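A.B. asks: mind looking at a prediction? Sequence and model below.
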Number of protein chains: 2
Amino acid sequence: MARSPTTSDVFNAVAEVQRRQILTLLAGSELSVNDLAERLELRQPAVSKHLRVLKEVELVQVRGVGQQRLYSLNAAALKPINDWASTFQSLWTGRLDRLEAHLAEMSAQQQGEDL
Amino acid sequence: MARSPTTSDVFNAVAEVQRRQILTLLAGSELSVNDLAERLELRQPAVSKHLRVLKEVELVQVRGVGQQRLYSLNAAALKPINDWASTFQSLWTGRLDRLEAHLAEMSAQQQGEDL
DNA sequence: CTATTATATTCCCATATCGGAATATAAATC
DNA sequence: GATTTATATTCCGATATGGGAATATAATAG
């Protein structure tokens, strides 16, 4: 099996730096492909391709305004990432919750064991 | 330029489903490669490779216990993802904060413009 | 030293990428 | 309709993947 397509889910879509950058830019305002290309210092086709990926996973939407196509962010599509990462939040903040036990065990084990 | 290596950053490392799964499993307790292979229904070498990636981006740590190597989660390495995703949080929750203005502009524009 | 067990590495292949160049399509303007 | 402007698509190449099979390495037990 090969690497999962970038369009397979939001995690894959967002793995690419430029695409994350695009989302950040779109958080400020809706922009056209050329707007984005200029700010990212990429050629227009490259940006079009990134936008295609982002659109397929519903991270962006387009609306046509005359000759232009204005892309805007659909931040809600990022929720799965936030949700997933939040799952682990207690593990790096002070609150250890259910992990407390596990960590306690580990350090106890380490002391009891050899080293 | 080709796709970024999975080891280039946490976002790329976490793009792969099996690797996310591994992190989830390790959140429960430290596990050996074979433990993981069994639960993921993957062959041991496949899991070893995933762990290598996760280790390179510091998402996991190993400690040798005799013949075994026990992998554990380093949740702190996920913080960048959480931080990044959180940036957009206001856009999908009720609180619009600084984006309020932007959205207001947009809808105003849409009404004022043609459609 | 020779199993045996646990893990890592190498080799392979099908697949997909990202970007640039060139080209096609779309929409507005003359 | 021809031209200009904005965008999308196609073709290409270098690169990397993820998994299996086979093999190498590590560590413990006999």
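C.D. replies: Alright, I've got the coordinates.
A.B. asks: in what helix or strand does the spatially most central residue of chain A lie?
C.D. replies: Nearest to the geometric centre of chain A sits residue A:14, at 3.8 Å (C-alpha atoms, centre = their mean). Using DSSP states H and E, residue A:14 maps to helix A:10-15.
A.B. asks: coming back round to it: pretty sure the residue nearest to the centre of chain A is touching residue A:81, no?
C.D. replies: Yes. Between residue A:14 and residue A:81 there is a contact under C-beta atoms under 8 Å: 6.7 Å. All C-beta atoms are positioned from the backbone trio N, CA, C, and that covers glycine.
A.B. asks: can you give the distance from the helix holding residue A:14 to the centre of its chain?
C.D. replies: Helix A:10-15 sits 5 Å away from the centroid of its parent chain (C-alpha atoms, centre = their mean, to the nearest Å).
A.B. asks: hmm, the following helix or strand past it in reach of DNA strand D?
C.D. replies: Counting by DSSP H and E, the next helix or strand C-terminal to helix A:10-15 is helix A:17-28. No. Using C-beta under 7 Å from any atom of the strand, helix A:17-28 never reaches DNA strand D; the gap is at least 11.6 Å.
A.B. asks: for stretch A:3-18, measure first residue to last.
C.D. replies: 19 Å (C-alpha to C-alpha, to the nearest Å).
A.B. asks: would you mark the buried spots in it?
C.D. replies: Neighbour counts over stretch A:3-18 (16 or more other C-beta atoms under 10 Å in any protein chain shown) mark A:6, A:10-16, A:18 as buried.
A.B. asks: among the residues you listed, which ones lie close to DNA strand C?
C.D. replies: A:6, A:15-16, A:18.
A.B. asks: quick check, nearest of these to residue B:51?
C.D. replies: residue A:15 (18.7 Å; C-beta to C-beta).
A.B. asks: quickly check: the helix holding residue A:14 near chain B or not.
C.D. replies: Yes. Under the criterion of C-beta under 8 Å from any C-beta of the partner chain, chain B is reached by helix A:10-15 at A:11-12, A:14-15.
A.B. asks: what do you get for stretch A:55-73?
C.D. replies: Yes. Using C-beta under 8 Å from any C-beta, we find that stretch A:55-73 touches chain B at A:65, A:72-73.
A.B. asks: buried ones in that stretch?
C.D. replies: A:55, A:57, A:59-60, A:69-73.
A.B. asks: same deal with stretch A:27-40?
C.D. replies: Within stretch A:27-40, the residues scored as buried using 16+ other C-beta under 10 Å are A:27, A:30-33, A:35-37, A:40.
A.B. asks: near chain B, which residues of chain A are found?
C.D. replies: Residues of chain A lying close to chain B (C-beta under 8 Å from any C-beta) are A:3-4, A:11-12, A:14-17, A:20, A:23-24, A:27-30, A:65, A:72-73, A:75-76, A:78-79, A:81-82, A:84-89, A:91-92, A:99, A:102, A:106, A:110, A:113.
A.B. asks: switch the cut-off to 6 Å
C.D. replies: Counting by C-beta under 6 Å from any C-beta of the partner chain, chain A comes close to chain B at A:11-12, A:15, A:75-76, A:78-79, A:81-82, A:85, A:88, A:91-92.
A.B. asks: helix, strand or coil for residue A:69?
C.D. replies: Following DSSP: H, G, I helix; E, B strand; the rest coil, we place residue A:69 in the strand state.
A.B. asks: leaving out the residues flanking it, which one is nearest to it?
C.D. replies: Spatial nearest neighbour of residue A:69, chain neighbours left out: residue A:62 (5.0 Å); criterion: C-beta to C-beta, 6 or more residues apart in numbering or on different chains.
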